[in-house]
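Q: Curious how this folds, go ahead:
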Amino acid sequence: MTGTITFQGGTLVLYDVPDAPAPFQLIKGRPRCEAYHYPRLLGWLREQGIRDQVPRWQTLDLHMHDNRPPHAYQIAALDAWDAAERRGSIVLPTGAGKTFVAIHAIQRVKRSALVVAPTIDLLHQWYARLVNAFGIAVGVYYGGEKNVLPITVTTYHSAGDVIAAHGDAFKLIIFDEVHHLPAPSWGEPAFMSPSPFRLGLTATYPNEAEQSGTRWRVDEI
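A: A predicted model of the protein is given here:
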């Protein structure tokens, strides 16, 4: 089979691929699905010989300026994330250094990354930590400031816009306070992103009741 897959506005679109399987649906004359399916489709794309034009992420030459060594439990968390194909949540108590762990995750991946924070105050904290950690320019996308760089920080409120336009530029997406994600008004960016590497951070992972009914499951997105 020949064909092409592209990213458009939070969805994956197939060209010249007849009878595409689920999760694709025929919409506006072409098979489309939400972009979060991308990691699970990679094997099928290779088997079918479909040209993958989704990735636009960059390899980054990152040097850690923060020389503090991670604690053993932080290394264990990162190793577990690696073992899960770099898709999952790290749950650590408040004050245990979740941001520090995420910065080391970016250092391990060395690819373009988008950080999604719940508030503007936390966005600014992330921006300062990332600049100090890597000594490079960091993008900020929210409200009146929309500067997209290989490492960018946004808010849940603005994430849909930046992902619709630039989601295929980030191989890693990090959701701070990921327990917010099951809420319909918060979780949409996770469905729109094709990022194959995904990291959630929280001190309070949502229980079953908080992920049922009309709410989404964190481990699925």
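
Q: what ranges do the strands span in the protein?
A: Counting by DSSP state E, the chain has strands at residues 4-8, 11-15, 25-27, 30-34, 51-52, 87-91, 113-117, 139-142, 145-147, 151-155, 172-176, 197-202.

Q: average model confidence for stretch 90-104?
A: For stretch 90-104, mean pLDDT rounds to 95.

Q: What distance do you get for the residue positioned nearest the centre of the chain to Leu12?
A: Centroid-nearest residue in the chain: Ile173, 2.0 Å away (criterion: Cα atoms, centre = their mean). With distances taken as Cβ to Cβ, to the nearest Å, Ile173 is found 16 Å from Leu12. Bear in mind the C-beta positions are built from the backbone N, C-alpha and C, glycine included.

Q: for Gln53, same thing?
A: 10 Å.

Q: try Ser195
A: 13 Å.

Q: relative orientation of the least confident helix or strand in the chain by mean pLDDT and strand 113-117 in degrees?
A: Using mean pLDDT, DSSP states H and E, helix 184-192 stands out as the lowest-scoring helix or strand of the chain, at a mean of 92. If you take axes from the mean of the first three to the mean of the last three Cα atoms, to 10 degrees, helix 184-192 sits at 170 degrees to strand 113-117.

Q: ok, and what's touching helix 184-192?
A: 9-11, 34-36, 116, 156, 159-160, 163-164, 167, 173, 175, 180-181, 198, 214-216, 221 (Cβ atoms under 8 Å, 6 or more residues apart in numbering).

Q: One more: stretch 76-87?
A: Residues contacting stretch 76-87 (Cβ under 8 Å, 6+ apart): 39, 70, 88, 90, 92, 101, 104-105, 108-109, 172, 196-199.

Q: Break the protein down into its structural domains.
A: 4-52, 72-220 (automatic domain parsing).

Q: and the ones you listed, which is most packed in?
A: With neighbours taken as mean count of other Cβ atoms under 10 Å, the domains of the chain reach their highest mean count in domain 72-220, at a mean of 18.

Q: can you tell me the distance between the two ends of that one?
A: 28 Å (Cα to Cα, to the nearest Å).

Q: Sketch out the low-pLDDT regions of this protein for me.
A: The model of the chain has pLDDT under 70 over residues 1.

Q: Name the single longest helix found in it.
A: The residue-count maximum for a helix in the chain (DSSP state H) belongs to helix 120-134.

Q: Show which residues not belonging to that one make contact with it.
A: 62-66, 99, 103, 106-107, 115, 117, 137-138, 140, 142-143, 151, 153-155, 176-177.

Q: residue contacts, Ile151?
A: Leu60, Ile106, Ser112, Ala113, Leu114, Val115, Leu130, Phe134, Ile136, Val138, Gly139.

Q: Since that was my last question, I'll sign off now.
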